[in-house]
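Enquirer: Here you go, sequence then predicted model.
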Amino acid sequence: MPRIRKGAARTQARKRILRAARGYYGSNHKSKYRAEDAVIRAGRYAFRDRRRLKRDMRRLWITRITAACRMRDCRYSQFINGLKMAGIKLNRKMLSQLAIEDPKAFDQVCASAVKHSRATAAKA
Amino acid sequence: MRRQTYFATPQTVPAKTWRIVDATDVSLGRLAVDVAQVLMGKHRPEYTPHVDCGDFVIVVNGSKVGLTGSKAEQNVKQRYTRFPGGLKEETYGSLRDRRPEKLIEDAVRRMLPKNRMGRHMLAKLKVYPGAEHPHQSQQPVAMTI
């Protein structure tokens, strides 16, 4: 068997890694060994966080809806219960956008939720 | 209506206003919760975690803040001077008389994010022991707890 030297293939492999690690912190974008590690890790975080993003966004919407409800003297739990009772099918993303871009519409949604909520029904 | 979730940017963040709150007989923790919420901006629907969208808060009458039960005598603040045996202890009650702004700022600080953003938010908190404050020109709006 003739001896095979890696030559060009090795350069290509290093370049491929370093290209993927462009803009990384410190020696992570310079050293092949550090870059290799960082690229693999970045992929793993990206995979995990694409899934986590869905949860994180929902949490943000809930925080925003809570703030919007509090401005209207209503609790988040009461609001969500009222929506369910009233048969309003808006999801949390739509509600939070509504609270920011069309506060008057959110006023109406909130009023109707409060009216139908269990807390109000118990009082009546 | 836009379909994409709104995110405030430092340029588009809603205008910051000033709030003023009277600490007289409001218990420390309950005061700190509401103040921290406003400093973080969680009181408005535009709240964006990576952008500071909170308002300024002025706390007056800090020396009259409430401590329920026997917390004024029993709870202590500890700090270490780095000399051997240099552990200093001070009860909440005595700290309230001596430096109420320290007591209130500490309580609020621990409810804020522990990062650069949190320190930035804390800078928007102004605590004064008495009823006077030098921020009249900011026209603070009263806040109820």
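Expert: On my side now, so go ahead. Numbering: from 1, shown residues only, chains lettered A, B, ... in the order given.
Enquirer: what about the spatially closest residue to A:Ala121 that is not a sequence neighbour, how many residues close to it?
Expert: Excluding the flanking residues, the one nearest A:Ala121 by C-beta to C-beta, 6 or more residues apart in numbering or on different chains is A:Met85, at 7.7 Å. Glycine gets a C-beta too; all of them are placed from N, C-alpha and C. A:Met85: 16 surrounding residues under other C-beta atoms under 10 Å in any protein chain shown.
Enquirer: residue contacts, A:Met85?
Expert: A:His116, A:Ser117, A:Arg118, A:Ala121 (C-beta atoms under 8 Å, 6 or more residues apart in numbering or on different chains).
Enquirer: Confirm it sits in a strand?
Expert: No: counting by DSSP: H, G, I helix; E, B strand; the rest coil, A:Met85 is not found in a strand; it is helix.
Enquirer: gap between it and chain B?
Expert: According to C-beta to the nearest C-beta, to the nearest Å, A:Met85 and chain B sit 23 Å apart.
Enquirer: Same question for A:Gln97.
Expert: The gap separating A:Gln97 from chain B is 6 Å, by C-beta to the nearest C-beta.
Enquirer: Tell me which residues touch that residue, please.
Expert: Taking C-beta under 8 Å, 6+ apart, we find A:Gln97 in contact with B:Met1, B:Arg2, B:Arg3, B:Thr5, B:Tyr6.
Enquirer: Okay, and it sits in which element?
Expert: Taking DSSP states H and E as the criterion, A:Gln97 maps to helix A:92-101.
Enquirer: neighbours of the residue lying closest to A:Arg22 once chain neighbours are set aside, just the number please.
Expert: With C-beta to C-beta, 6+ apart as the criterion, A:Arg22 has its nearest non-adjacent residue at 6.1 Å, and that residue is A:His29. With neighbours defined by other C-beta under 10 Å, the count for A:His29 comes to 18.
Enquirer: Who are the contact partners of the residue of chain B found nearest chain A?
Expert: Here the residue of chain B nearest chain A is B:Pro45; by C-beta to the nearest C-beta that distance is 3.9 Å. Contacts for B:Pro45 (C-beta under 8 Å, 6+ apart) come out as A:Arg64, A:Ile65, A:Ala67, A:Ala68, A:Met71, A:Ser96, A:Ala99, A:Ile100, A:Pro103.
Enquirer: would you say it is within a strand?
Expert: No: read with three-state DSSP, B:Pro45 is coil and lies in no strand.
Enquirer: one step back: by neighbours, which of the contacts of A:Met85 wins?
Expert: A:Ser117 (23 neighbours).
Enquirer: Would you mind measuring from that residue to A:Ser96?
Expert: Distance, A:Ser117 to A:Ser96, using C-beta to C-beta, to the nearest Å: 19 Å.
Enquirer: What of A:Ala21?
Expert: Distance, A:Ala21 to A:Ser96, by C-beta to C-beta: 36 Å.
Enquirer: Same check on A:Lys15?
Expert: Per C-beta to C-beta, A:Lys15 is found 45 Å from A:Ser96.
Enquirer: Who has more neighbours out of the two?
Expert: A:Ser96 (28 against 11).
Enquirer: Now do the same contact list for that one.
Expert: By C-beta under 8 Å, 6+ apart, A:Ser96 lies in contact with A:Leu60, A:Trp61, A:Arg64, A:Ile65, A:Ala68, B:Thr5, B:Tyr6, B:Pro45.
Enquirer: Quick check: pLDDT value at it.
Expert: A:Ser96 carries a pLDDT value of 94.
Enquirer: what's around B:Phe56, how many residues?
Expert: As a burial measure, B:Phe56 scores 18 neighbours (other C-beta under 10 Å).
Enquirer: Check it and give its pLDDT.
Expert: We have a pLDDT of 96 for B:Phe56.
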